[in-house]
Each structure stands twice: as C-alpha cells, then as structure tokens.
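Participant: Just the structure for this:
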Amino acid sequence: MAIVTKIKWVILTVITLSVASIIIHLSLAKFWTVSILQYGTMTGLPEDFASKLGRQVIKNKKLWGAIESLETLQPYVNPRSSYSVPKEQNNGFIYAKVFGGFAQIRSSISDLVAISRLLNATLVIPEIQQSIRSKGISSKFKSFSYIYNEEQFIAYLKNDIIITKTLPENLKERRRRNEFPMFKLKSSTSSNFYIDEVLPKLKKSKVIGFIISTGGCLQSILPPSLSEIQRLRCRVAFHALQFRPEIKEVGQQMVNKLRALGQPFLVFHPGLLREILAYHGCAELFQDVHTELIQYRRAQMIKDRIVNEELNIDSHLQRDKGLCPLMPEEVGILLRVMGYPSKTIVYLAGSETFGGQRVLIPLRAMFTNLVDRTSLCSEKDLSDLVGPEAPLPLNVLQPPPVKSAEKLKEEWKKAGPRPRPLPPPPDRPIYQHEKEGWYGWITETPTEPDPSPMDLRMQAHRLIWDALDYIISLEADAFFPGFNNDGSGWPDFSSLVMGHRLYESASSRTYRPDRKILAELFNITRDNIYHPKHNWTRLVQQHLNNSLGEEGLIRQSLRSKPAMFLSHPLPECSCRVTSSATPASRIKSKDGRFLSGDEEECPKWMKHASHTGSGTEGFTVEDTGLPDYESNDFIEESDKNGKTNLTLIWEQDEEMDPND
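Facilitator: Now for the predicted structure:
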C-alpha cells in the first residue's frame, strides 16, 4: 500500500512539474517572439494615420540625434582666390547630348559646367536624351526643363560661365550638317585631354559637341591646382540644379505630410536596378523569371563589351565581396537590430525596384509604416507633374495570316514520306498581356527587343519620380542606402544623396555601411537570421554606428570619391568651424590625398549652424539611456562562455595610411 502511495506522489509531482514547465516556456515564447506582422498593402496614406502613430515626443538620441564629431563641418563653396567673371568673347560654344538616368544626368551636367569653365567656353543647355527619346510627352517641357529650372540654372552660374539656351542661328545649320567635331567622352577623361586635344579644335571650329553616356565627362579627383573647378561642381549640383517649381512644390508637400505625423522618418533606397544587378552578376539572388531577365541583360553587356567576365557567375560569391545590393529583408533586420521600432516611418525611395513588391514583403512585415510616393501623392498630383501627353498608338495584336485550303494541301503533300504524324491541335488564343513587355519576348526571342513607346515614356517619367525621392531623401532624419559605391564607375542615386547630405548637413544621420562586412556578418547567422546572438547584434550596431562618423567618411573617400566627386565633396566644398573639442585627425592616403580632416577653417562671418539635424521640427531628441536594440524583437543567444563568435575589425584599405 505504501508503494502505491509513493507511485501516486511521484506521478503527481511529474505532472505538476510538466505543467509548470509548459507555462514557463509559453510565457518566454510570447515575450521573445519576433515582431513580424502580417503584410498588407497601403494604397494611400489614411486620414487617421497620424493618430495611429501617436504624436509622442521622440527621446532616443541614439537613433535620430546628430553626429557630434561632424557638427563642425559646414558648407562653403565660395571661390577662395581671385575668380574672374566670364567674358562675352570666349573660345566658342559647347553643346552636349546626355544619356542615362537621373544620377547620370545630374553628375554629367556638373562636369559639363566645369569643363566649360576650364575651356573658357559658352555652354548650350544640355539635351537630356531620356526625355527627348520619349515620343508624345508633354509639350510644356523641352529636354532640360523636363526636370530642372532653366532660368535658375543660368542665373546662378552667371559669374562662373555663360550659358545660352540654343546655338546662334548662323551655327544651327552647320550643326545639322554635322560640320562640328564631336567627342564621345568617358567619366575618367582627364583635364589634360581637354586642354591638349579639345581646346585647339574648339578655337578652330568655334563649336564642339559632346556625347556623354557614362554618367560624367571629367575625372573625379583633380589636382590641387584645380580646386576651384571642384567647388564649381558643388555649386552646380547643390545650388544651380534646382528642380522645376511644380516638382519642388509636390516634393515639399510630401515632406510636409511626413512631418505632420509628428515622427522622424528614415529613407531607404534599395538600389535594385536591373543594369547594376546584371553588371555584377547578382542574378541568383532572385528567382524565376527575374533571374532570366538579369541574365539576358548581362549577355547583352558581354556582347557590347561592357562586361568582360563570363555569363554565369557565382552570385553568392559576388555578394560576399560586397558587389551585390543588400536585400530589403536584410536591411529591415539591420534597422531592427539598431533599435528602430516597427512603427518607424520608412520612406521607400527609387523609381524602380527590380523584383517588384515581392522582394519588399519582408520589409513591409517588419515596418508596417513603409510608404512611397504613391502613398503621399494622389494620382492627380503625379499626372499634373507629367503634364498633358499625346496618346500612344494602339498596339493591336496581329494574328498570324490564315492559310488557304490549297496552301494546306500543298504543304501536306510536301511533308515527307508517310506515315505522317497527326497535325498539331489548334493554337489556344493569345492574349494581349502575353505580348507586352518582358512577358512576351523572354520565352520567344534570344535577344531583348528595342524599348516600346510605353517603355520610353516610363523612362522619362522615372526622372520625375527620382526627383521627388531626391527631395525627400535630403530632408530625411536618417538615410540608409541599399547599394552605393559599387565599383562600376557609374553614378548612383544613393551616392548622390549621401554626398549632398554630407555637404548640406554633415552631422545628419547618413549610414555608410560596408556591404562586404555585412555579408560576412549575415553568413554567420544566415540559418537563424531572425534569432541572432547577442554578440552578433553588438557587432552590427558597432559597424553601423561607426559608419555614421569619420570611419564612414574615410571609407567613402577611398571607394566612392574616385568614381564620383559629388558622392564625397570633402574637403574642397566644406570648411570646419573651430571648436574647443579635440581637432579632427588628418588622415592621408599613400598618394598624398587627404582623406579626412583637411578642411579649411571657416571664415569669421560664418556662424555655427544652430540646426544640426535635418528636419527635427515638432519633436525633441533626448538621450534616455535606452538600449540600442529592442529586447522583445530578437532572441539573442550568447555562447556558454559569453564570447563573440566573430572578432570583426574593419580592415582599412591599402591606400590609407592611418599614421600620416
């Protein structure tokens, strides 16, 4: 009897412990659950959006505060020495045809003005081919004025160069007959080439033409003797190139809507463009037909000798080298690790995101307040920007010609020896959508067809959409690039924004991540990406926080500036306000170029800007001592000894000598 009683007590004890264990595990699971919400599309900005977010005071300085080490940097592009005003009698006229997208156009125009000053020539307003090639766009705008303000451009640069809208009448006819020298230029063209080769022909013919298709026509880094030319580039890109009033008005309205929500906002630009993905061989990061589309474009680049590598390349190896963009899912995880809560307003910039909404689903799940221009603008606002356009010709599907009975009998007799196979069944109907865009050609032709009229028109519209996103990116409280300094030498949207933010407000929060380091970090926790270890989150925070300051600027100077000056306009276009704090360290590369700390001292009349952050109206920023990450978002597991699994140290580039 005693044995039976003991058995009952043991069973009761086991049951009690089991129930207690289940309750504890359920409680922990609820506490540590990753905050991934169900995806839902946002077709527009709801009226009660602000009330749902709440107009609470933002207190986390670690997420939105200014970078104190960069607060002494101020914009300063005035000429430093004697600077002559251009004269009416100069060496001749320069006209140019500019190909490419938004970033290529903006960078090319800055180079054109610099070259016109260098050659003492009159610049004809450049022709933007992206808008000229599109048939039937609004007749209100002509080429340059499609996105930029011509009058502002001419007036602001009147003390730098002479700009005219068209060639004189006596030279137009000669241009139609192609009697003037034409130069097809690259972005790496040196200043000596213009002095030795172009200037003599300009003086002789009085007119020369440029064709610019690589996003620039002058090398990025110039000798110190041409520092005034570098500052002229900054005056063009950051002051003279103003968008036309309609674009500026809509862009400001979008910013006001975001500010009215009472919360700071972050801008994320994915940089997922088909051209870049094909150039670097990142096709395997996508699935299904998108991989095929990238490979089609890469094959064309190999044929055109733009790419000198093989068609099939290991995309995962390319990603490990930092040559592929960060996927939106990875960026969402990085932002959550940094401590940005799920209700953070994230504006998605970029007129084109290859892969469409499918690649954005994980990011939308982590940040439910993910908005874009369609969320902030009505369809009427966007159509008014485009203006009245001529209707496109109907692309009526032409069915194959019907064969007569005699023709069919003749083909049957010539079909070869019997027995013959049965004739194929009748074809199913071919629908219109199966013949439009990539859906129609990818399974039928080995090469991509020429752009359709609709494709050309959409390319022109993207210039306007990118202009709107550019305005919002400059006003954002934080900016995170998905892809920049890719090494291709082509200008990119993110690098332009980062350079402009560095010029206007160096202390604003602009992340400059190293994709190679982040790829190494993601490879460590790839199988457990939503439950990273505590030490992994610390490494991510350390890297991204360092990228905001001088370490990120040094990396930008080494990798991005040699390809595009506007991505890092330091030290030529800035000055440093004297401070009682420790002066900035001067770091020089092995070629003698200063990477950091070589800015001139600001003039006495320049006062320290009181507005250190970009757009913090309506809320205060305080340091509450909160952790950099949310403990209820990610499970963080340390190893038994509490040590990190990776000792990650940023390796400085070979060009940099930190001891100088």
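Participant: if I pick the closest residue to residue 92 other than its chain neighbours, what's in contact with it?
Facilitator: In this structure, residue 92 finds its nearest non-sequential neighbour in residue 206, 4.0 Å apart by CB to CB, 6 or more residues apart in numbering. Quick note: C-beta positions are derived from backbone N, CA and C, even for glycine. The contact partners of residue 206, by CB atoms under 8 Å, 6 or more residues apart in numbering, come to 91, 92, 93, 171.
Participant: Helices - which of the residues you listed land there?
Facilitator: residue 171 (DSSP state H).
Participant: okay, now residue 116: neighbour count?
Facilitator: Per other CB atoms under 10 Å, the neighbour tally for residue 116 reads 25.
Participant: Kindly state the pLDDT recorded for it?
Facilitator: You'll see residue 116 listed with a pLDDT of 94.
Participant: ok, back up a step: quick check, nearest of the contacts of residue 206 to residue 18?
Facilitator: residue 93 (88.8 Å; CB to CB).
Participant: if we can go back for a sec, buried subset of the contacts of residue 206 as a ChimeraX selection?
Facilitator: Buried residues among those (16 or more other CB atoms under 10 Å), as a ChimeraX selection:
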select :91,92,93,171
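Participant: and the gap between residue 528 and residue 333?
Facilitator: Distance from residue 528 to residue 333, counting by CB to CB, to the nearest Å: 12 Å.
Participant: More neighbours: those two, which one.
Facilitator: Ranked by neighbour count (other CB under 10 Å), residue 528 and residue 333 place residue 333 first, with 25 against 12.
Participant: which residues touch the more buried one?
Facilitator: Here residue 333 is in contact with 366, 529, 530 (criterion: CB under 8 Å, 6+ apart).
Participant: Please apply the same query to residue 493.
Facilitator: 102, 103, 269, 271, 349, 350, 466, 469, 470 are the contacts of residue 493 under CB under 8 Å, 6+ apart.
Participant: so which of the residues you listed comes closest to residue 306?
Facilitator: Among the contacts of residue 493, residue 103 lies closest to residue 306 (CB to CB), at 17.2 Å.
Participant: what about that closest one, neighbour count?
Facilitator: By other CB under 10 Å, neighbour count at residue 103 equals 22.
Participant: Also residue 18?
Facilitator: 10.
Participant: Over to residue 131?
Facilitator: Residue 131 has 24 nearby residues by other CB under 10 Å.
Participant: What's the separation between it and residue 147?
Facilitator: From residue 131 across to residue 147, the span is 8 Å (CB to CB).
Participant: Now list whatever residues contact both of the two.
Facilitator: The contact sets of residue 131 and residue 147 overlap at residue 463 (CB under 8 Å, 6+ apart).
Participant: JSON lines for the contacts of residue 333, including pLDDT and distance to residue 322?
Facilitator: Shown next, in JSON lines, are the contacts of residue 333 (pLDDT from 0 to 100; distance: CB to CB, whole Å):
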{"residue": "366", "pLDDT": "94", "distance to residue 322": "23"}
{"residue": "529", "pLDDT": "85", "distance to residue 322": "19"}
{"residue": "530", "pLDDT": "86", "distance to residue 322": "23"}
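Participant: Which one (most neighbours) among those residues?
Facilitator: When neighbours are counted by other CB under 10 Å, residue 366 leads the contacts of residue 333 with 25 neighbours.
Participant: Tell me the predicted confidence for residue 493.
Facilitator: pLDDT, residue 493: 93.
Participant: Secondary structure of residue 184: a helix, I assume?
Facilitator: No. Under the criterion used here (DSSP: H, G, I helix; E, B strand; the rest coil), residue 184 is strand, not part of a helix.
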